[in-house]
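Trainee: whatever this is, show me its structure:
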Amino acid sequence: MHEKTQNPKDFMVRVCCGCGRVRSDDGQWFDAPELLAITPREIHTHTICSECCVRMYPEFAIKKGWIKAS
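Mentor: Down below sits the predicted model:
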């Protein structure tokens, strides 16, 4: 019997580098303690949520269509 190969992403916690919120597997953002309490993982990786992207990198957010150019 073969063991199922697990994807390394299955063990990752995606943490916003701007606000520290954590992204769930379905793309929602939560305060870190709230999500880590229900889905403990072993590896943390940094990303950025759309709210922090708009605040920190507005030119990129415009390209993504999250905000309109003024």
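Trainee: and the contacts of stretch 61-70?
Mentor: By CB atoms under 8 Å, 6 or more residues apart in numbering, the surrounding residues in contact with stretch 61-70 are 50, 53-54, 58. (Each C-beta comes from the backbone N, C-alpha and C, glycine too.)
Trainee: got the residues you listed as a markdown table, with neighbour count columns?
Mentor: Formatted as a markdown table, the contacts of stretch 61-70 follow (neighbours: other CB atoms under 10 Å):
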| residue | neighbour count |
| --- | --- |
| Ser50 | 13 |
| Cys53 | 18 |
| Val54 | 17 |
| Pro58 | 14 |
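Trainee: show me those residues that map onto helices.
Mentor: Using DSSP state H, the subset of those located in helices is 50, 53-54, 58.
Trainee: just the closest of the residues you listed to Phe30, please.
Mentor: Ser50 (14.2 Å; CB to CB).
Trainee: does the nearest residue to the closest one once chain neighbours are set aside belong to a helix, a strand or coil?
Mentor: In this structure, Ser50 finds its nearest non-sequential neighbour in Trp66, 5.5 Å apart by CB to CB, 6 or more residues apart in numbering. Under DSSP: H, G, I helix; E, B strand; the rest coil, Trp66 falls in the coil class.
Trainee: run a quick neighbour tally on Trp66.
Mentor: Trp66: 13 surrounding residues under other CB atoms under 10 Å.
Trainee: how near is it to Phe11?
Mentor: Distance of Trp66 to Phe11, computed by CB to CB, to the nearest Å: 29 Å.
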